[in-house]
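Visitor: Please find the sequence and the predicted model below.
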Amino acid sequence: MNRPTAIYSAAQVRALDAFEIEKRRVPGYTLMTRAAEAALKLLRARWPQARRVAVVCGAGNNGGDGYVLARLAQAAGLETLVFAATPPDKLGGDARRAQEEWLAAGGRAHPFEADALSGCDVIVDGLLGTGFRPPARPETLAVVRAINQARRPVLALDIPSGVDADSGAVQGEAVRADITLSFVGFKSGLFLGAGPEHAGVVLLDDLGIVAPAQPQFTPLMRRIDEAEIAAALPRRAREAHKGSNGRVLIVGGGSGMPGAARLAAIACLRAGAGLVTVAGAEDNLAAVTGANPELIYLPASSVTNLEEAMRSAGVLAIGPGLGSGDWAHRLWSQALRARPSAAVVDADALNLLAQSPAKLPPGWIITPHPGEAARLLGVETAAVQGDRLAAVRELHARYGAVSVLKGAGTLVACGAAGAAEVFICDRGNPGMATAGMGDVLTGVIAGLLAQIRNAEVAARVGVLVHALAGDSAARGGQRGLIASDVLAELRGWVNP
């Protein structure tokens, strides 16, 4: 069991399964047995004191996995109860064989009984598989509701029942698992939408299946892995100096709005940038630099021209606290004319971009939250959230920049136009849904971009570092977490 980076659609995983059976001549029942063996091994490792196990079996191979697991658990000495949510005579293929072998081993397939679940130590969810699409039938929803109401530990086989395997959508209710053991390959629904909320800890057993090097098996997206941090941020050379560690110019902080620019600037330094300058309204100088004398402040009046400073900066970060007035429009226009080779565009600058859409240089990064993404794409926010994967792909295609779609499960789209690779961050927590958190992310990405000089890597590593710092900051509790708490944790994560 492991956590690879590749994530597939449900159809791709079914195709991998079929390839193994048809081309490599591995019987389907052999794969079902491998899945059940892996699930039992995990169950006993995670809940070693469990003695009474309830296995809820539906139709199809997901139910078949459950029947084989029940037989193996019983042989291992566990008291095992099988609850058949689907009448046994409705089963076919390998699932029918699995059910028959369970009965031949002395087991019984009880009609589903909600009251019996509370007397078990662990519940195994083998009700619905990856072929399920919401909404569930009322009788199925009743079983799902009973599993949740039993308040017992739950191990979900492949995907929690009620969760769409592709989108993570849930209509009505879905099983809330403590652990989900996915088979063959990770399904995208475990990482998108409501999937992570229901899946708990997600692990994979590939059942010995190796994806062939064929275009149809190219992953739908990939997890951003911690190994990328170490690869992107090696130990610094002893002779390093502030110039070699990168220079960043942050443009924002309109009159009376110093906070966002200050958060971004400090995050930039904490991410490792050698020198950070903030260009903002004249009245913000003390508020930005007072507590952080490491920052350089460049007062920008309504007539100040920053084009040369933008061109000469190693990285431009524009948007935090920029506002939407004439001053902001002027600075944004200057950024478009200067066209520095590396830039991070966030917050108010994204809204200005949405007003006059334009292709951006390939070394630029945009970091919209769902509302800003909706404005950039000319759609409603609900449409973005309804298909975040399509939204981030369209952002990348339309604007040409590396695109970071923030939110639960932040997505990063990068690569060649029309053939974007998408990466997802499966770290972070709900405590990070608070003011200023996006400004910190802007600073982290800009600071890393100044050092790495690769927009795609900086975006991925920046998103992950930000999320991991948020998780570290949430150790004392998610409620009440503020952006400044994350600043204090960044340094540990950029020194792997």
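Guide: Perfect, thanks for sending it.
Visitor: could you give me the average pLDDT of stretch 57-64?
Guide: Within the predicted structure, the mean pLDDT of stretch 57-64 is 92.
Visitor: got the contact list for it?
Guide: Residues from elsewhere that reach stretch 57-64, judged by CB atoms under 8 Å, 6 or more residues apart in numbering: 28, 32, 66-67, 70, 82-86, 90-91, 93-99, 109, 126-131, 140, 157-158, 161. For every residue, glycine as well, the C-beta is placed using N, CA and C.
Visitor: now it, how far from the centre of its chain.
Guide: Once both centres are worked out by CA atoms, centre = their mean, to the nearest Å, stretch 57-64 turns out to sit 28 Å from its chain's centre.
Visitor: just stretch 15-22 next, same as before
Guide: In terms of CA atoms, centre = their mean, the centre of stretch 15-22 is set 28 Å apart from its chain centre.
Visitor: Check stretch 438-455 too.
Guide: Going by CA atoms, centre = their mean, the spacing between the C-alpha centre of stretch 438-455 and its chain's C-alpha centre is 19 Å.
Visitor: got the buried residues for that stretch?
Guide: Within stretch 438-455, the residues that qualify as buried are 438-452, 454-455, counting by 16 or more other CB atoms under 10 Å.
Visitor: and it, what's its mean pLDDT?
Guide: Averaged across stretch 438-455, pLDDT comes to 98.
Visitor: Please give the three-state secondary structure assignment for Thr304.
Guide: Judged by DSSP: H, G, I helix; E, B strand; the rest coil, the three-state class of Thr304 is coil.
Visitor: The residue nearest to Arg34 when sequence neighbours are not counted: what's it in contact with?
Guide: Counting by CB to CB, 6 or more residues apart in numbering, Leu207 is the residue found nearest to Arg34 once chain neighbours are left out, at 4.5 Å. The neighbourhood of Leu207, defined by CB under 8 Å, 6+ apart, consists of 20, 31, 34-35, 38, 183-184.
Visitor: next one: Val82
Guide: For Val82, the contact set (CB under 8 Å, 6+ apart) comprises 54-55, 57, 66-67, 70, 102, 107-110.
Visitor: Now, these that are in helices?
Guide: Secondary structure of the contacts of Val82 is defined by DSSP state H; positions in helices are 66-67, 70, 102.
Visitor: okay if I get these as JSON lines plus distance to Leu468?
Guide: Putting the ones in helices among the contacts of Val82 into JSON lines (distance: CB to CB, whole Å) gives the following:
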{"residue": "Gly66", "distance to Leu468": "35"}
{"residue": "Tyr67", "distance to Leu468": "40"}
{"residue": "Ala70", "distance to Leu468": "39"}
{"residue": "Trp102", "distance to Leu468": "43"}
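Visitor: Check the burial of Ala194 by counting its neighbours.
Guide: Residues contacting Ala194 under the criterion other CB atoms under 10 Å number 19.
Visitor: returning to that earlier point: just the buried members of the contacts of Val82?
Guide: 54-55, 57, 66-67, 70, 102, 107, 109.
Visitor: Output the residues you listed as JSON lines; include the columns distance to Leu464.
Guide: Putting those into JSON lines (distance: CB to CB, whole Å) gives the following:
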{"residue": "Ala54", "distance to Leu464": "38"}
{"residue": "Val55", "distance to Leu464": "37"}
{"residue": "Cys57", "distance to Leu464": "38"}
{"residue": "Gly66", "distance to Leu464": "35"}
{"residue": "Tyr67", "distance to Leu464": "40"}
{"residue": "Ala70", "distance to Leu464": "39"}
{"residue": "Trp102", "distance to Leu464": "43"}
{"residue": "Gly107", "distance to Leu464": "45"}
{"residue": "Ala109", "distance to Leu464": "45"}
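Visitor: doesn't Val422 fall inside a helix?
Guide: No: counting by three-state DSSP, one finds Val422 to be strand, located in no helix.
Visitor: for the nearest residue to it once chain neighbours are set aside, phi and psi?
Guide: Setting aside the residues directly before and after it, Val422 is nearest to Met221 in space (CB to CB, 6+ apart), at 4.0 Å. With angles defined as degrees, to the nearest 10, Met221 sits at phi -160, psi 180.
Visitor: Which of the ones in helices among the contacts of Val82 sits closest to Ser484?
Guide: Out of those, the one with the shortest distance to Ser484 is Gly66. That distance is 47.9 Å, counting by CB to CB.
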